[in-house]
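**Q** I would like the atomic coordinates for the input below:
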Amino acid sequence: MLESLKKMFSGNEGEVPVNTGSKPDISREKSAELYEKAKNYFPGGVNSPVRAFKSVYGTPLFIQKGDGCFVWDADGNQFIDFCGSWGPLILGHNHPKVREKVTEVMQNGMSFGAPTALENELAELIIKNNKFVEKIRFTSSGTEAVMSAIRLARGYTGRDKIIKFEGCYHGHSDSLLVKAGSGLVTFGETSSAGVPKAFAQETIVLPLNDTEALKQAFEQFKDEVAAVIIEGIPANNGLLMQDEAYLEFLQNICKENKSLLIFDEVITGFRLGFEGAAAHYGIKPDIVTYGKIIGGGLPVGMYGASAEIMAHISPDGGVYQAGTLSGNPVAMAAGIAQLTELLRSGFYKELNTKATEFAESIKRFAAARNYKVKVFHIGSIFWIAFTDKDKIQSAADIDHGSMEKFKVMHRELLNRGIYLGPSGYEVGFVSAAHTKIELEKAKRAIFESLDVVFRSK
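**A** Numbers count the residues shown, from 1 in each chain. Just a heads-up that it's a prediction; the model follows:
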């Protein structure tokens, strides 16, 4: 996963070839000015690396406004948005019920560093409708939730080692910024400067969808593995959907070895359905982590487990974790409003049906043209991959050279008013705010862009 990330951010800044498409390039004049100014303040001019547009053409777009399924940039360009702040905006931008609830709560203050009734309200809403957690702890981000879940697993089991998988991303905490070693089952190697080798020595990185590697790891490190962590559906490095049998094997081998199974549902939680990938597969993880979808895009994370496991968290137990902004009232208010909408009868059926029709239409178009491109999708998540493979289930299955085609498509889509995340490794999201009209426009833009990609190959 981290090698893919490095490839994303190593492009030539501002590299733009001659436009071979039928649409003129959008104006980026104001965005370019803002980007040049931002470089004086932030490393690479951004506060998160993928925003730098290093793996696509042109300078980053500075977004000024979002409403419904649309965003507008500083130059006034309007786009149908399929990034949705990287997934949490399942209702679309600036949803009125979320906005109204947040505005109401902000009249009373924005942070207290003390308990509020809003925390109870949101927690009750989640726990009553999610059979996979009995107690939870709010954090300020998905990264923080995963970091805390790892510490909890180690504290609960009294073991140190963690197994993770190549192609899964769990945030930027030291224990997880680790890549695979040179053997099938080896200690991981640091994949970022600043991560001590000793930290990587406690993390074992395995290939996805490889039962033999898991068996070997548990044999080699018997009674040392605190937990195995996997994305519910790996969606940070393409959309690497796993077979149910593999996940059942993973669950069983964890039980046999008294190790905990952690599902990282920062992307899939409340997105596939209210109970996420765990319910989709019928797998009960020992610990589940969730992300900013809980807060309608505001900074929120959460981890949860059985009451017995969560009893090890301070102040009840010896595993320390804290945060001044954890459970802050503004984020809780947004979460209450958003999750209440998600519980509306038929919400997920309507959203997922719409997204499936959208993805299937693109697949049919590509197949009719005999284009080497596939659309992988589940629920309201989709990934356009330039491949002829019917399944991609591991990072090794991704053709990294195909990202050159994505660069062309991304530019063509921007020129046609469609915004995807600026990397071919990232997935797209359909929201409740996307209507049939916008989805039809987006499909036509994708069809035209694919024609340009394969005409210019």
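**Q** okay, now the unreliable bits of the stretch 101-250 of the chain?
**A** Within the stretch 101-250 of the chain, the stretches with pLDDT under 70 are 174-175, 177-192.
**Q** centre-most residue in this protein?
**A** I267 (3.9 Å; Cα atoms, centre = their mean).
**Q** residues contacting that residue?
**A** 87, 231-233, 235-236, 291, 381, 427 (Cβ atoms under 8 Å, 6 or more residues apart in numbering). C-beta here means a position set from N, CA and C on the backbone, and glycine is covered the same way.
**Q** just the CA trace of the host helix or strand of F454, in CSV.
**A** In this assignment (DSSP states H and E), F454 forms part of helix 436-455. Output in CSV follows, covering the C-alpha atoms of helix 436-455 (Å, rounded to 0.1, in the frame of the first residue of the first chain):
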residue,chain,number,x,y,z
LYS,A,436,-30.5,10.2,-12.0
ILE,A,437,-29.9,13.3,-14.0
GLU,A,438,-26.4,13.9,-12.6
LEU,A,439,-25.6,10.2,-12.8
GLU,A,440,-26.6,10.2,-16.5
LYS,A,441,-24.4,13.3,-17.1
ALA,A,442,-21.5,11.6,-15.3
LYS,A,443,-21.9,8.4,-17.3
ARG,A,444,-21.8,10.3,-20.6
ALA,A,445,-18.7,12.2,-19.4
ILE,A,446,-17.0,8.9,-18.4
PHE,A,447,-17.9,7.3,-21.8
GLU,A,448,-16.4,10.3,-23.7
SER,A,449,-13.3,10.3,-21.5
LEU,A,450,-12.7,6.6,-22.0
ASP,A,451,-13.0,7.1,-25.7
VAL,A,452,-10.2,9.7,-25.5
VAL,A,453,-8.0,7.4,-23.3
PHE,A,454,-8.2,4.5,-25.7
ARG,A,455,-8.0,6.7,-28.8
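**Q** who wins on neighbours among the contacts of I267?
**A** Within the contacts of I267, G291 tops the neighbour count with 29 neighbours, counted by other Cβ atoms under 10 Å.
**Q** let me know the next secondary structure element after the strand or helix carrying L413.
**A** L413 belongs to helix 403-415 when assigned by DSSP H and E. As assigned by DSSP H and E, the chain's next helix or strand after helix 403-415 is strand 418-419.
**Q** what's next to that following strand, contact-wise?
**A** Contacts of strand 418-419 (Cβ under 8 Å, 6+ apart): 61, 71, 79-83, 413, 442, 445-446, 449.
**Q** from those, keep the buried residues only.
**A** 61, 71, 79-83, 413, 442, 445-446, 449 (16 or more other Cβ atoms under 10 Å).
**Q** dump those to TSV, plus distance to A305.
**A** TSV is the format used below for those (distance: Cβ to Cβ, whole Å):
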residue	distance to A305
L61	40
V71	36
F79	39
I80	39
D81	34
F82	33
C83	31
L413	41
A442	39
A445	43
I446	41
S449	44
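**Q** quick revisit: and the helix holding F454, which residues are buried?
**A** Per 16+ other Cβ under 10 Å, helix 436-455 contains these buried residues: 438-439, 442-443, 445-446, 448-454.
**Q** next: stretch 224-240.
**A** Under the neighbour-count criterion of 16+ other Cβ under 10 Å, stretch 224-240 has 224-240 buried.
**Q** same check, this time on stretch 65-84
**A** 66, 68-75, 77, 79-84.
**Q** one more: stretch 344-354?
**A** 347-348, 351-352, 354.
**Q** can you list the helices and strands that the longest helix along the chain packs against?
**A** Counting residues, the longest helix found in the chain (DSSP state H) is helix 347-369. The helices and strands touching helix 347-369, judged by 3 or more Cβ pairs under 8 Å, 6 or more residues apart in numbering; DSSP states H and E, are strand 374-378, strand 381-385, helix 436-455.
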